[in-house]
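Enquirer: have a look at this prediction, sequence included:
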Amino acid sequence: MARKKFLPSISRIDMSRVTRTVYVLGLLVFAGIWFFSTRGDYPNPSEAFYVNDFAEVLAQATRSTIRDEGERLYNVSQDEVDGGAQLVFATFAVDNVEDVADYDKTEIYRQWKIGDNDMGALFLFFFVDGELVESQIEVGYRMEPYLTPTRLGQIIDSTIYDEEGWGYFFDFGLVEFLYEILTVVYVDAYDYDSFNYDMDVYYEHWMDYDGPYDSEADSISMSFWMFVLSPWATGWDRVGPIGLLALLFVGTGGRLLGARGGGGSSGGMGLFRRR
Amino acid sequence: MKGKFILGFLSIVVVFVLIVGIGLATGYNKLVDYEVNIDAYYAQIEVRLQERHDKIGEIVAAVEGLQEHAETIYNAITAARQAYADAITSGDMDALIAADAAEAIALTDVLVAVEDNPLITATAGYMALIDECSSMESALAVARRDFNEAVADYNAAIRKFPTVLYAGVVGFTGPKEYWKMNDGAEEVPTIDFTN
C-alpha cells in the first residue's frame, strides 16, 4: 500500500487577476477624485489657472500671454507685503444675455480661491455666438483699494470697449487691458517704478506666435495617469511615478499639477459692463 | 473576577466621559466660531454701508439741479442719510436695516431722475460714481448674504441635538436675527447698472 504523501497544497497568485483588480481600483479612485474635485457650482479652473477659456474664443497667443504674466506676477510678488497676487481670466459662452445672471462672480472667485492674502482679481467675459455681451470683474478684499470700480471702469472702457483703439479686436483689447491692470498692481500695490509695455511690439509677437499652450500640460497629465493605471504596468511602474509625484506634490505645495488659487476671498466689489 | 468587572466598568465610564467631553468641547467651539462669523459679517455690512453712505453724498454733489427739479427725491435722500446717521448712533440693528433699505431706494430714485429729467445734469465724474455705487450694491448684497448664512448656521446649530441641551447654559441664547430687507413694504429694488 503506497504511503500517502503529505504535501502542502501549492498555488500561484493569479497575477492577471491582481492586475485587473489594481486597474479597476485605480480607475475608481481616479473617478472618485475627479467626481469630488468638480462638485462646486461652477467648473473648476483649468490647469493653467490664470486663463480659463471655456467659451473658446481666445487665440493661443492671448492665452499664453495671460498665463505667463499671471505666473510672473504671482512669483515676483511672493516676497512682498500682501504678496501672491493672482489675476484670473475666464470666458463663458451663454445662449443669451439673460443667462449671465446664472453666474455669480463672487461665488466663482471664492470657489477658485484666487490670490494669497486676498490679493486677486477675477475677470469674467460672457459671449453669445462669439460676441462679447457682458464683462464682470470681482476683486479680492485686499485688492479693493488698488482696483477700484472707477479705475476698472476707466481701464476697461479705454481698452476692451475702445473700438477705435486696440479694442477693435477682443484679443488685443484684452491683452492691453491685462497690461493696464498689471501696471496698477505692480506700481500701486507693490511699489514698482513702472510696468512698461508696447502694444505694437505685442502685435508683432502675436502675429508670429507659434508656441504651445497649456494643453501640453493637460496631455502630460493625462498620459501620466494612463501609464500608471495601465494594466500592462508592473507594480514598480506604478509605485515609482506615484511616489515621485507625491514627493513633488508635497514639496511644491501642490502646484506641480498646475497653478491653483492661493486661498483668497472676495466680497462683491468690482465692475459690471454690458456691451 | 469582581476587580476585573470594576475595571471594565470604569474603563467604559472613562471612555464615555471622554467621548461626551470631546463632543461638548467640539460643539461649544463650533458655536463660538459661528458667533465670531456673525460678528465679522455684521462688521462687514457696517463697513459697506458707510462706504455707500459716503458715495451717495458724492453722487448728490455731482448732480446739478436735483434739489430744484426733483425736490421730493432730494428730500428722500436727505432723510435716508439722516436715518442712517441716527441708526449708527443708536447701534440698533433694526434701524440700520431700515436705513439700508431707505438709502438703496433713494439712490435708485436719484439715478432714475438723472436719466429721465433733462433739466438735471451730471458732472463728468458722475459715470465713475455710478460704477462705484453699482459695485457697492453688489458688495452690500454679498455682505448681507454672508451675514444671513452665518446666522442660519448658528440658529440651526443651537437647535440641533445635542447642542440644544447645553447651548443656553453656556451663554448661546438664540436664535439670532436675520438681516431682513423685505419686512413690510420696504423692499429694496434691484438696481441694474449694467446698461
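Expert: It's in.
Enquirer: and stretch A:120-128, what's its mean pLDDT?
Expert: Taken as a whole, stretch A:120-128 has an average pLDDT of 97.
Enquirer: which SSE is immediately downstream of the helix or strand containing residue B:30?
Expert: Taking DSSP states H and E as the criterion, residue B:30 maps to helix B:2-62. Sequence order places strand B:63-64 as the next helix or strand after helix B:2-62, per DSSP H and E.
Enquirer: for that next one, packing partners?
Expert: Applying 3 or more CB pairs under 8 Å, 6 or more residues apart in numbering or on different chains; DSSP states H and E, one finds that strand B:63-64 contacts strand B:121-122. C-beta coordinates here come from the backbone N, C-alpha and C atoms, glycine included.
Enquirer: who does the strand it packs on pair up with?
Expert: Strand pairing for strand B:121-122, determined by DSSP bridges: strand B:63-64 (antiparallel).
Enquirer: mind listing residues that contact the partner strand?
Expert: Counting contacts by CB atoms under 8 Å, 6 or more residues apart in numbering or on different chains, the residues outside strand B:63-64 that touch it are B:110, B:114, B:120-123, B:126.
Enquirer: residue A:273 bridge partners, please.
Expert: Beta-bridge partners for residue A:273, by DSSP bridges, are residue A:135.
Enquirer: if we can go back for a sec, can you give the distance of the helix holding residue B:30 from its chain's centre?
Expert: 18 Å (CA atoms, centre = their mean, to the nearest Å).
Enquirer: isn't residue A:51 right up against residue A:70?
Expert: Yes. If you go by CB atoms under 8 Å, residue A:51 and residue A:70 touch, sitting 7.3 Å apart.
Enquirer: what residues are shared contacts of these two?
Expert: Counting by CB under 8 Å, 6+ apart, the residues touching both residue A:51 and residue A:70 are residue A:88.
Enquirer: so the two - more neighbours on which side?
Expert: Neighbour totals were compared for residue A:51 and residue A:70, and residue A:51 leads with 25 against 22 (other CB atoms under 10 Å in any protein chain shown).
Enquirer: per-residue confidence at the spatially closest residue to the more buried one that is not a sequence neighbour?
Expert: Closest residue to residue A:51 apart from its sequence neighbours, by CB to CB, 6 or more residues apart in numbering or on different chains: residue A:66 at 4.2 Å. The score at residue A:66 is 95. That number is its pLDDT.
Enquirer: ok, residue A:66 - contacts?
Expert: A:50-51, A:58, A:87, A:89, A:174-175, A:178 are the contacts of residue A:66 under CB under 8 Å, 6+ apart.
Enquirer: which SSE is it in?
Expert: Per DSSP H and E: helix A:60-76 holds residue A:66.
Enquirer: which positions in chain B make contact with chain A?
Expert: Residues of chain B that fall close to chain A, judged by CB under 8 Å from any CB of the partner chain: B:44, B:48, B:127-129, B:131-132, B:134-136, B:138-143, B:146, B:193-195.
Enquirer: kindly recompute the last result at 10 Å.
Expert: Residues of chain B lying close to chain A by CB under 10 Å from any CB of the partner chain are B:41, B:44, B:47-48, B:51, B:55, B:125, B:127-146, B:192-195.
Enquirer: Throw together a ChimeraX command that grabs the buried residues out of those residues.
Expert: Here is the ChimeraX command that selects the buried residues among the residues of chain B next to chain A (16 or more other CB atoms under 10 Å in any protein chain shown):
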select /B:41,44,48,51,55,128,129,130,131,132,133,134,135,136,137,138,139,140,141,142,143,144,145,146,193
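Enquirer: just the ones of the residues of chain B next to chain A in helices?
Expert: B:41, B:44, B:47-48, B:51, B:55, B:127-146 (DSSP state H).
Enquirer: excluding chain neighbours, give the residue nearest to the most centrally placed residue in chain B in space.
Expert: Closest residue to the average C-alpha location of chain B: residue B:144 at 3.7 Å, with CA atoms, centre = their mean. Spatial nearest neighbour of residue B:144, excluding adjacent residues (CB to CB, 6+ apart): residue B:179 at 4.9 Å.
Enquirer: same deal with residue B:35?
Expert: Residue nearest to residue B:35 in three dimensions, not counting chain neighbours: residue B:154, with 6.4 Å by CB to CB, 6+ apart.
Enquirer: residues touching that neighbour, list them.
Expert: For residue B:154, the contacting residues are B:30-31, B:33-35, B:37-38, B:167, B:172, B:174-176, by CB atoms under 10 Å, 6 or more residues apart in numbering or on different chains.
Enquirer: cool, residue B:138 as well?
Expert: A:105-106, A:136, A:138, A:149, A:267-272, B:48, B:191, B:193.
Enquirer: want to throw the residues you listed into TSV with distance to residue B:60 and pLDDT?
Expert: As requested, the contacts of residue B:138 are exported to TSV (distance: CB to CB, whole Å; pLDDT from 0 to 100):
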residue	distance to residue B:60	pLDDT
A:105	28	96
A:106	28	96
A:136	27	96
A:138	28	97
A:149	18	93
A:267	25	93
A:268	23	93
A:269	22	93
A:270	24	93
A:271	22	93
A:272	22	92
B:48	19	92
B:191	16	51
B:193	17	48
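Enquirer: what's the most distant pair in the residues you listed?
Expert: Spatially, the most separated pair among the contacts of residue B:138 is A:136 and B:48, at 18.5 Å (CB to CB).
Enquirer: residue B:81 and residue B:100 touch, don't they?
Expert: No. The criterion here is CB atoms under 10 Å, and residue B:81 misses it with residue B:100 at 11.9 Å.
Enquirer: now do the shared contacts for those two.
Expert: residue B:53.
Enquirer: secondary structure element for the residue nearest to residue B:144, which one?
Expert: Here residue B:179 is covered by no helix or strand, with elements defined by DSSP H and E.
Enquirer: kindly report the same for residue A:152.
Expert: Here residue A:152 is assigned to helix A:149-157, by DSSP H and E.
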